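>>> Sequence and computational prediction follow.
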Amino acid sequence: MQPVLDKYVDFLRVERGVSHYTIRNYLTDIMEFLGYLKEQKIVSLDEVEHAMVRQYLAWLMEKGTVRGSIARKLSALRSFYGYLLREKIINSSPVATTGTPKLDKRLPELLSITEVAKVLEAPGDSTPQGIRDRALLELLYASGLRVSEITGLNVADVNMETREIRVLGKGSKERITLMGQPAVKALEAYMKLARIQLLGDRKNDALFLNKDGARVAVRRVQHILDKYALKSGLGKKIHPHLFRHSFATHLLDGGADLRVVQELLGHAQLSTTQVYTHVTQARARQVYLAAHPRSQQHKDGETDNG
């Protein structure tokens, strides 16, 4: 099986242009499925039938796996079996007709404008790392970039004059996104001295560097957010995607066109971006119920006069 998996990884990376992180997740899900087959005494992929896949999904649900994760695992299996069919390693796919579990509709979490400001103001300017962190957080919110996209940026990808950023997104698709003046100012402060200090006598084209002059890792960004969420007194766990959700929602709240937001986020489908319109509608409802003097009704049937 290992040679097949190795060739599958090459297929994903070279022909499909799939990111390292997606490949890693696919392999994790596939290996879990193969482990389940081993427990069921299934030694060949040709032996797997549709009923066995359904049993596997039921086993996941019994373990308490959430529907979103089950859907992701099934997607990984569909991709894998599609490859096996293409290479004629198997004759039919047992997952081709397996329906995806219906997902619970959950609105994405986000930070308020005030909460974003608290986090952005948290880094100090007395150390190269603090100046770097301020620039990284400003850019994260200003651009709506995925964390893998922002850590993958090189110096040449950022144009300070036009405030444009060239991004290599999912599927190796290139797009241009934008940033505001606060992000430009923070980046200029970082580039002027802090990045030079972090780089030392080494050579590295990466925009954001760690203390050793190497590219900042994705996992390091989470540590940075944990640090400043605590320092700002936010009182809750935050992650990089919260900035992306907040970026999109705040743009729509400000009147931005949905297709412009889609382009900036790098979404292939408009339906992916449309979830943020539901967020803004939900927020509008909350504001209305809290603020309008005749939005509520007392138990005795009388309206609240404020």
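All right, it came through fine.

>>> now the helices for the stretch 51-200 of the chain?
Using DSSP state H, counting those that start in this stretch, the helices of the stretch 51-200 of the chain run over 67-86, 113-121, 128-143, 147-151, 181-189, 195-199.

>>> Can you tell me which of the ones you listed is most buried?
Each of the helices of the stretch 51-200 of the chain was scored by mean neighbour count; the highest is helix 128-143, a mean of 24, by mean count of other Cβ atoms under 10 Å. C-beta: built from backbone N, CA, C; applies to glycine.

>>> thinking again about what came up before, for the helices of the stretch 51-200 of the chain, could you give me TSV that also reports mean pLDDT and distance to Asp46?
Output for the helices of the stretch 51-200 of the chain, formatted as TSV (pLDDT from 0 to 100; distance: least, Cβ to Cβ, whole Å):
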stretch	mean pLDDT	distance to Asp46
helix 67-86	86	10
helix 113-121	93	53
helix 128-143	95	47
helix 147-151	91	36
helix 181-189	95	54
helix 195-199	95	54
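
>>> Can you tell me the element Asn25 falls in?
Using DSSP states H and E, Asn25 sits within helix 20-39.

>>> helices or strands next to that helix in the packing?
Helices and strands touching helix 20-39, by 3 or more Cβ pairs under 8 Å, 6 or more residues apart in numbering; DSSP states H and E, are helix 2-10, helix 50-62, helix 67-86.

>>> Run the chain-centre distance for that helix.
Distance of helix 20-39 from its chain centroid, counting by Cα atoms, centre = their mean, to the nearest Å, is 20 Å.

>>> now stretch 67-79
Counting by Cα atoms, centre = their mean, stretch 67-79 comes out at 17 Å from the chain centroid.

>>> Could you export that stretch as PDB, CA atoms only?
Provided in PDB are the C-alpha atoms of stretch 67-79 (Å, rounded to 0.1, in the frame of the first residue of the first chain):
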ATOM      1  CA  ARG A  67     -20.500  15.500  10.900                       C
ATOM      2  CA  GLY A  68     -18.200  18.100   9.500                       C
ATOM      3  CA  SER A  69     -15.200  15.800  10.100                       C
ATOM      4  CA  ILE A  70     -17.000  12.800   8.700                       C
ATOM      5  CA  ALA A  71     -17.800  14.800   5.500                       C
ATOM      6  CA  ARG A  72     -14.100  15.700   5.300                       C
ATOM      7  CA  LYS A  73     -13.000  12.100   5.700                       C
ATOM      8  CA  LEU A  74     -15.500  11.000   3.100                       C
ATOM      9  CA  SER A  75     -14.200  13.600   0.700                       C
ATOM     10  CA  ALA A  76     -10.600  12.300   1.200                       C
ATOM     11  CA  LEU A  77     -11.800   8.800   0.500                       C
ATOM     12  CA  ARG A  78     -13.600   9.900  -2.700                       C
ATOM     13  CA  SER A  79     -10.400  11.600  -3.900                       C
END
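
>>> now the helix holding Asn25 against helix 2-10, angle please.
For helix 20-39 against helix 2-10, the angle by axes from the mean of the first three to the mean of the last three Cα atoms, to 10 degrees is 150 degrees.
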